[in-house]
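*Asks:* Just to be clear, the model below is a prediction. Sequence and coordinates:
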Amino acid sequence: MNRLAAEPSRYLQEHADQPVDWWPWGKEALAEARRLDRPLFISIGYSACHWCHVMARESFDDPTVAALLNDHFVPVKVDREERPDVDALYMEAALAATGQGGWPLSVFATPDGRPFFTGTYFPPEDRHGLPAFRRVLDAVADAWATRREAVERDASELAGAIARSLAGPTAERPSAAPSWQELASQASEQLVGRLDRPWGGFGGPPKFPQAPVLELLLVDGALRGSAASIEAAEVTLGAMVAGGLYDHLEGGFARYSTDRTWTVPHFEKMLPDQALLVRCALAAWQVGGDARFRQAVEETVGYLLGRLRLPGGGLAASEDADAGGVEGGHATWTSEELRAVLGPRYDEVAAWYQLDGPPAFEGRHVLRRPLGAPLARPDGVQEGWELLRAARAERPRPGLDPKVVTEWNAMAAVALAEAGGALGRPEWVAAAGEVLEVLWRSARRPGAGWARTVQDGQARHPATAADVAWVAAASIALAEARGEDEDWRRAIDAARVLLAEFQLPDGLLATSSRDAQTPVVRPVELAGSAAPSANAVAARTLTRLAALTEDPTFGRARDAILGALRPLAARQPVALADAVVAGLVAEAGTVEVVVTGSRPDLVSCVQEGFWPTTLLVHGERGPWPLWSGRPDDGSAYVCRGGVCLAPVSERGELAQRLGELTRTSAEAARPTIRAAAQP
């Protein structure tokens with residue numbers, strides 16, 4: 001065994017028995033590289049990464065490759081889910097040097113951590129234009145020994161490019177940037193123009209579920225009344241839930257689709273994708289009432305709480321793409337397997353899930369529905385579905401990474417709280433509270449800040465800004481869902497830690513905390529990708545806390561973040577879709593709803609509708625200005641921009657008020673008003 005045997009990360013432990021003399025990331029590894037005067041070989045991946053497993057089998061298990069690594073390098077393994085700041089640094093290096101990135105990420109760096117050569121997957125032999133990994137190792141070792149000056153020069157140049165890219169924008173800002181509403185309009189128009197009809201998505205394969213982009217379309221459509229924006233989101237979500245990207249037997253979404261039609265997924269499932277897509281599907285149902293999206297929410301939450309829930313509390317980070325050594329082995333079927341399981345139900349189920357045509361994936365079938373078809377199963381299909389689920393339960397399961405990632409668990413708590421309130425599922429709200437309680441109990445370290453992960457009950461690695469920002473956002477979502485004042489207090493506590501530990505002089509938030517060991521530069525995440533950036537999440541959270549507390553500190557911090565992001569968003573509004581949403585919501589102004597007394601009907605009216613700018617306060621009273629002077633008269637008080645309307649006591653009237661205040665036209669409000677006003 002090597003040093004990784006002592007690491008709790010499942011991904012690192014998977015490499016503990018290899019002949020490579022691996023080091024975990026840290027100052028000890030860099031010190032060893034300086035002592036030996038050898039370059040670092042930094043391999044970055046994560047437990048559910050299929051090609052990470054392939055390279056491990058082909059190269060890192062090979063004694064010849066291990067000998068080359070051990071003799072000429074200090075090999076370092078990084079779990080990107082534990083250290084997203086380190087991953088961001090070296091991914092930027094790969095993009096700057098080659099224009100390509102991905103995992104496994106393979107980086108050669110000087111002993112002080114400056115990268116000079118990067119790649120991703122390297123095969124054991126020359127293949128498909130990729131050099132054999134052993135040839136790469138020989139060439140890099142030779143360059144370090146014989147052309148050291150050139151290597152150092154390349155490292156310095158690449159480090160400079162990384163620093164310029166990741167250190168945040170320059171202080172120079174245009175005097176007049178477009179409004180956030182104008183930027184939202186531009187981004188939505190660009191996305192609608194790129195929409196792949198009829199299959200959804202905004203480019204060719206591979207297709208990733210871009211939750212920040214979907215949220216932008218839904219929020220923009222709701223606030224501006226843009227039917228085209230809402231349609232683009234619905235077309236994309238509809239194709240996703242019809243295709244094999246969506247798990248029609250167990251619920252949940254795979255990481256991405258390898259084809260245009262969302263049929264063949266890369267079968268790994270990641271916790272953040274489930275959390276973010278639950279929120280998108282919920283919003284789409286709230287706006288349009290499409291039953292497919294509600295079913296996807298219910299089944300995906302079922303997957304979250306059934307498969308990813310850990311015995312000690314919290315939610316697992318991911319589930320592998322492989323099962324029993326076969327990619328997708330748990331989720332795909334041969335025709336013979338289907339007939340054996342389904343018996344007389346075969347014809348009906350095969351027609352329903354399009355299993356009666358040619359197999360889509362390596363001779364095996366992937367369940368999918370026709371575009372636009374309902375997901376709700378008729379009785380005969382339901383019986384076959386239960387047979388398939390039972391047969392699948394007997395198969396080898398994909399590996400589960402039991403790492404509790406603070407950011408992702410808080411993200412899931414937001415989804416559970418919002419969906420629980422909207423769909424009248426108090427058990428989901430309770431589950432959100434349990435997840436957050438694990439984080440506050442285990443990841444919050446008194447006197448030592450927040451931790452990024454909890455593994456075997458042990459908090460590890462300094463938190464990123466995204467971890468703390470999502471904890472604050474989740475605490476707000478839970479306060480709105482269950483009306484307990486302690487949740488508001490926790491949100492404020494987390495927001496203050498966020499600003500104290502991560503805010504830079506220009507107002508933006510650094511990715512890594514002050515005590516994290518990140519070479520070259522302290523990175524700043526400006527744009528979200530699969531998930532919103534920490535700066536965008538923080539801006540939305542600060543907007544809500546400013547409305548709750550009337551503390552100018554939160555408003556100023558929000559304005560500083562958005563002020564730094566707006567010129568960048570003006571140049572690339574789609575790339576900064578998450579920032580555009582945060583800016584649009586802030587610019588529109590918070591609609592404050594205070595429900596006094598015991599009026600669950602009024603509370604549910606707010607929870608069931610899609611009101612992106614609304615802040616809901618109810619239940620236990622706290623020392624916040626929004627409660628001041630309001631008696632427990634069973635009314636809803638609705639205010640915006642310091643102007644309050646007369647209190648209302650009827651559900652339909654409250655829905656109408658919210659529509660008038662949060663939409664630019666009555667026509668745009670009607671879908672949400674219908675959803676919120678239903679009995």
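*Replies:* Arrived safely, thanks for sending. Residues are numbered from 1 along each chain as shown.
*Asks:* ok, which stretches of the stretch 251-400 of the chain are strands?
*Replies:* 256-257, 265-266, 269-270, 318-319, 322-323, 326-327, 400-401 (DSSP state E, counting those that start in this stretch).
*Asks:* Now tabulate the ones you listed in CSV and tack on mean neighbour count, mean pLDDT and distance to Thr453.
*Replies:* Backbone N, C-alpha and C define where each C-beta goes, glycine included. Converted to CSV, these look like this (neighbours: other C-beta atoms under 10 Å; pLDDT from 0 to 100; distance: least, C-beta to C-beta, whole Å):
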stretch, mean neighbour count, mean pLDDT, distance to Thr453
strand 256-257, 22, 96, 24
strand 265-266, 23, 92, 23
strand 269-270, 27, 96, 15
strand 318-319, 28, 94, 13
strand 322-323, 20, 89, 23
strand 326-327, 18, 89, 26
strand 400-401, 22, 93, 10
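*Asks:* for those, which one sits closest to Tyr303?
*Replies:* Of all the strands of the stretch 251-400 of the chain, strand 269-270 sits nearest to Tyr303, with 7.7 Å by C-beta to C-beta.
*Asks:* From the contact counts, what lies against that closest one?
*Replies:* strand 318-319 (3 or more C-beta pairs under 8 Å, 6 or more residues apart in numbering; DSSP states H and E).
*Asks:* Next, format the strands of the stretch 251-400 of the chain as a markdown table and append distance to Arg425.
*Replies:* A markdown table is the format used below for these (distance: least, C-beta to C-beta, whole Å):
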| stretch | distance to Arg425 |
| --- | --- |
| strand 256-257 | 29 |
| strand 265-266 | 27 |
| strand 269-270 | 21 |
| strand 318-319 | 23 |
| strand 322-323 | 30 |
| strand 326-327 | 34 |
| strand 400-401 | 24 |
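*Asks:* Specify which residues of the chain, grouped into ranges, have pLDDT under the cut-off.
*Replies:* 167-168, 170-176, 448, 516-517, 663-679 (pLDDT under 70).
*Asks:* what residues go with each domain of it?
*Replies:* What the record gives for the chain is the domain set 3-166, 197-400, 403-588, 591-677, from automatic domain parsing.
*Asks:* Tell me the gap between the shortest one and the middle of its chain.
*Replies:* Shown here is domain 591-677, whose average C-alpha point lies 29 Å from the average C-alpha point of the whole chain (C-alpha atoms, centre = their mean, to the nearest Å).
*Asks:* With the second one instead?
*Replies:* Relative to the chain's own centre, domain 197-400 is displaced by 17 Å; criterion: C-alpha atoms, centre = their mean.
*Asks:* okay but Arg558 is in contact with Ala539, surely?
*Replies:* Yes: using C-beta atoms under 8 Å, Arg558 is in contact with Ala539, at 5.2 Å.
*Asks:* any common contacting residues for those two?
*Replies:* Ala586 (C-beta atoms under 8 Å, 6 or more residues apart in numbering).
*Asks:* quick revisit: so can I have a markdown table of the domains of the chain showing distance to Gln190?
*Replies:* Listed next are these as a markdown table, based on distance: least, C-beta to C-beta, whole Å:
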| stretch | distance to Gln190 |
| --- | --- |
| domain 3-166 | 22 |
| domain 197-400 | 9 |
| domain 403-588 | 5 |
| domain 591-677 | 20 |
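*Asks:* looking at the ones you listed, which is buried most?
*Replies:* domain 403-588 (a mean of 22; mean count of other C-beta atoms under 10 Å).
*Asks:* Next, the distance between the ends of it.
*Replies:* Using C-alpha to C-alpha, to the nearest Å, the end-to-end distance of domain 403-588 comes to 38 Å.
*Asks:* Ok, stretch 252-266 next?
*Replies:* Start-to-end, stretch 252-266 (C-alpha to C-alpha) is 13 Å.
*Asks:* Other residues contacting that stretch?
*Replies:* Counting by C-beta under 8 Å, 6+ apart, 48, 50, 196, 199-201, 204-209, 239-240, 242-247, 267-270, 273-274, 277, 299-300, 303-304, 307, 321, 328, 360-361, 366, 368 sit against stretch 252-266.
*Asks:* Tell me if I'm right that Leu602 and Ala655 touch.
*Replies:* No: judged on C-beta under 8 Å, Leu602 makes no contact with Ala655 at a distance of 9.8 Å.
*Asks:* Contacts for the helix or strand containing Ala557, please.
*Replies:* Using DSSP states H and E, Ala557 falls within helix 552-571. Here helix 552-571 makes contact (C-beta under 8 Å, 6+ apart) with 168-169, 173-174, 177-178, 180, 183, 495, 499, 503, 506-509, 526-527, 535-536, 538-539, 542-543, 545-546, 576, 579-580, 582-583, 586.
*Asks:* rerun at 6 Å
*Replies:* 169, 173-174, 177-178, 183, 499, 506-508, 535, 539, 542-543, 545-546, 576, 579-580, 583 (C-beta atoms under 6 Å, 6 or more residues apart in numbering).
*Asks:* can you check stretch 139-159 too?
*Replies:* Applying C-beta under 6 Å, 6+ apart, the contact partners of stretch 139-159 are 39, 72, 93, 108, 110, 114-117, 520.
*Asks:* any chance of the residues you listed in a markdown table, with distance to Gly642 and secondary structure too?
*Replies:* Converted to a markdown table, the contacts of stretch 139-159 look like this (distance: C-beta to C-beta, whole Å; DSSP: H, G, I helix; E, B strand; the rest coil):
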| residue | distance to Gly642 | secondary structure |
| --- | --- | --- |
| Pro39 | 60 | coil |
| His72 | 67 | helix |
| Ala93 | 49 | helix |
| Phe108 | 58 | strand |
| Thr110 | 56 | coil |
| Arg114 | 52 | coil |
| Pro115 | 52 | strand |
| Phe116 | 56 | strand |
| Phe117 | 58 | strand |
| Val520 | 46 | coil |
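*Asks:* Serialize the residues you listed to a markdown table and add fields for distance to Arg294.
*Replies:* Output for the contacts of stretch 139-159, formatted as a markdown table (distance: C-beta to C-beta, whole Å):
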| residue | distance to Arg294 |
| --- | --- |
| Pro39 | 54 |
| His72 | 57 |
| Ala93 | 43 |
| Phe108 | 50 |
| Thr110 | 54 |
| Arg114 | 51 |
| Pro115 | 47 |
| Phe116 | 52 |
| Phe117 | 50 |
| Val520 | 47 |
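*Asks:* Of the residues you listed, which is the nearest to Ala419?
*Replies:* Using C-beta to C-beta, the contacts of stretch 139-159 come closest to Ala419 at Ala93, 38.7 Å.
*Asks:* ok, that closest one - contacts?
*Replies:* By C-beta under 6 Å, 6+ apart, the neighbours of Ala93 are 115, 118, 158, 162.
*Asks:* 10 Å - rerun?
*Replies:* 42, 101, 105, 107, 109, 114-118, 155, 158-159, 161-162, 165-166, 520 (C-beta atoms under 10 Å, 6 or more residues apart in numbering).
*Asks:* what does Ala577 give?
*Replies:* Counting by C-beta under 10 Å, 6+ apart, Ala577 has contacts 183-184, 187-188, 191, 210-217, 219-220, 527-529, 532, 536, 569.
*Asks:* what's the closest non-adjacent residue to it?
*Replies:* Leu216 (4.2 Å; C-beta to C-beta, 6 or more residues apart in numbering).
*Asks:* so where do the helices sit in the stretch 151-300 of the chain?
*Replies:* Assigned by DSSP state H, counting those that start in this stretch, the stretch 151-300 of the chain shows helices spanning 180-194, 211-224, 227-242, 271-288, 291-303.
*Asks:* Tabulate these in TSV, adding columns for distance to Phe133.
*Replies:* Formatted as TSV, these follow (distance: least, C-beta to C-beta, whole Å):
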stretch	distance to Phe133
helix 180-194	37
helix 211-224	34
helix 227-242	35
helix 271-288	30
helix 291-303	36
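*Asks:* Which of those helices sits closest to Gln13?
*Replies:* The nearest among the helices of the stretch 151-300 of the chain, by C-beta to C-beta, is helix 271-288 at 19.0 Å.
*Asks:* State the phi and psi torsions of Glu484.
*Replies:* phi -110, psi 130 (degrees, to the nearest 10).
*Asks:* From Arg621, how far out is it?
*Replies:* 11 Å (C-beta to C-beta, to the nearest Å).
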